[in-house]
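S.K.: got a predicted model here, sequence first, then my questions.
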Amino acid sequence: MVTARDPQRIAKGVGRVKRKISVDELQYGMYVWELDRPWTDAPFMFQGWVLQTPEQLETLRTYCRYVYVDSERSVAVARPESEAGVVPLPGIGQVEYVERATVEAELPQAENAFAETQLAMQESFEAVGAGEALDSGQIKTAVAKTTESIIRNPDALVLFSKLKERSSYLVGRATNVSIYMISFARFLGLGPDEIEKAGMVGLLQDVGNLRLSSELLEKRARLTPEEYDLVKKHVTHAVEILGATPGLPSWLPALAALHHERYDGSGYPNGLSGAGIGTIGGIAGIADTFDALTSKRPYAAPVPPSIALGMLHKMRGKAFHPELVEQFIRCIGIFPVGSVVELNSGEVGIVIAQNVEKRLQPRVMVVRTPDGQPLRPQKLLDLSKAPKATPDEAYRIRRTLEYGQAGVGVRDLFF
C-alpha cells in the first residue's frame, strides 16, 4: 500500500480550482487532489497528498492516465536521489501507435506469424547445430510478420504465445523474448525500423547456446563457477555466429551481445553500464529476464507474472534502467495478457486483452468453474463494465497464477 506524509482529505479542498494534467507531466511536490478513477481502484491509503517518492509516481503511472492537482497545496520538493542522473533513453516517444484490430480479429494473423517464427528458429537452430549458416531471409520475413501483427494489435501474439505449447525450450524462449521486445518497443513509441530491430535481437541473441552442451544447459543443480563461465560464453558464441551469417544486418552482433549487461555495470561480457547499454540493449535485458522467470527452466520452476514484475521492480536502478522497468510494468500490465487469474467467484479465467483506461479491469475469458471443471460454454467478461459475480458484488481478480495453469490452449478460446 502506498502511503504519503500528507493525509489531508479531498474534502478540505472544496472550492479550490483543480487542474487536470497527464501523469507524464507530474512533478515532485505537486499535490495530487483527485485521480481519473475512484481512489478505491488504486492502492493509496489517503485521498489527496503531495507527490514525493518514485514509488508514488510509478504507481500513478501504472493506474492512471491523468490526475487533478491543486497548485496552492503544491510545495517545493527536491528530485529524489534515486532518480537523479538517470541516463536518458534515445528513440522513445517517436511514434504513437493505435490499435487497428481487435485481439479476436488479429489472432489468425498472429497464429501465422507465430508458426512462421517457430519454423524459422527450429530450422535455423538445426542448421547451426549441423555447422551450417542461418537462413537470414527466412528470419527477416518472420520478424517482419511478427512486427506487423503486434503493431496492429499488441495483445494477440502475446496471448497466442502464452497459450501455445512450446516446441522446444530454446525455440520457445527465442520466440517469446522477440515478441516481448517488439511489444515493448511499440509501447515505448520507437519507430517501425527500431521495433523490427528489437524483434531481430530478441530472436537471435541466445543462438550461442547451441554451442554449449545439452548437459550444461539442462543441469538441474546449481552451476559451478567453472560451468557458469562456460555458460556466459554463449554471448560470444552468438556474436561469432551472427557475424558469420551472410545477409544479416551489420549492427546485429553488437546488439545481441547486450542482454546480459546491467545498468550498474555488474553484467557481462563487457561490464557496460548506463548509456553504454542503450535503449534496445535495456529492452533486451528486461524481456529476457521476465520470460526466464515466468518459464519452466531445468533448474527453477516458473513464477506467476505478478511476482516476476515485482522482482524486476526490485532490480530497478541496479540491474536495469529505472524508467525502462517502470514502462515495462505498464506495458505488461498488472494482469498481463495470457495470465491465468482466479476471480472472486472462485472461477478461473485467462486475460485476453488489456483495458488501457482501466488496467485493473482487463477482458477475461472464464474457462473453469469454482470446483476446477472446464466451463462450457465459456464466458467473456469485460471487467471494466463491472459484470456481476453475485447480485451484490462485481467480478474482480483475486490473484494471478502461473502461465499455462488453466490447462487450455488458444483454440479452446477462439477457434
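M.R.: Happy to help now that I have it.
S.K.: report the buried residues of stretch 26-41.
M.R.: Buried positions in stretch 26-41, judged by neighbour count with 16 or more other C-beta atoms under 10 Å: 26, 28, 30-37. To be clear about C-beta, it is placed using only N, CA and C from the backbone, and glycine gets the same treatment.
S.K.: as a markdown table, the residues you listed with distance to Arg330, pLDDT and secondary structure would be great.
M.R.: Output for these, formatted as a markdown table (distance: C-beta to C-beta, whole Å; pLDDT from 0 to 100; DSSP: H, G, I helix; E, B strand; the rest coil):
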| residue | distance to Arg330 | pLDDT | secondary structure |
| --- | --- | --- | --- |
| Leu26 | 14 | 87 | coil |
| Tyr28 | 19 | 82 | coil |
| Met30 | 20 | 87 | coil |
| Tyr31 | 23 | 87 | strand |
| Val32 | 18 | 91 | strand |
| Trp33 | 23 | 88 | strand |
| Glu34 | 21 | 89 | strand |
| Leu35 | 16 | 90 | strand |
| Asp36 | 15 | 86 | coil |
| Arg37 | 15 | 81 | coil |
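S.K.: of those, which pair is most distant in space?
M.R.: Tyr28 and Arg37 (22.1 Å; C-beta to C-beta).
S.K.: from the buried residues of stretch 26-41, pick the one nearest Glu58.
M.R.: Of all these, Leu26 has the smallest distance to Glu58: 10.9 Å, by C-beta to C-beta.
S.K.: near the residue nearest to Arg297 when sequence neighbours are not counted, how many other residues are there?
M.R.: Closest residue in space to Arg297, ignoring its immediate chain neighbours: Tyr169 at 7.8 Å, by C-beta to C-beta, 6 or more residues apart in numbering. Tyr169 has 15 neighbours, counted by other C-beta atoms under 10 Å.
S.K.: which one of the buried residues of stretch 26-41 is nearest to Lys162?
M.R.: Lowest distance from Lys162 to these (C-beta to C-beta) belongs to Arg37, with 27.2 Å.
S.K.: list the contacts of that closest one.
M.R.: Neighbour list for Arg37: 63-64, 358 [criterion: C-beta atoms under 8 Å, 6 or more residues apart in numbering].
S.K.: same thing with Gly276?
M.R.: Neighbour list for Gly276: Glu261 [criterion: C-beta under 8 Å, 6+ apart].
S.K.: please renumber the chain so that the first residue is 50 from this point on.
M.R.: From this message on, residue numbering opens at 50, which makes the last subject Gly325.
S.K.: spatially central residue in the protein, please.
M.R.: Compute the mean C-alpha point of the chain, and by C-alpha atoms, centre = their mean the closest residue is Ile381, 3.8 Å away.
S.K.: quick one, phi psi at that residue?
M.R.: phi -70, psi -40 (degrees, to the nearest 10).
S.K.: report the secondary structure state of the closest residue to it other than its chain neighbours.
M.R.: Distances taken as C-beta to C-beta, 6+ apart place Leu358 nearest to Ile381, at 6.4 Å, with adjacent residues excluded. At Leu358, secondary structure determined by DSSP: H, G, I helix; E, B strand; the rest coil is helix.
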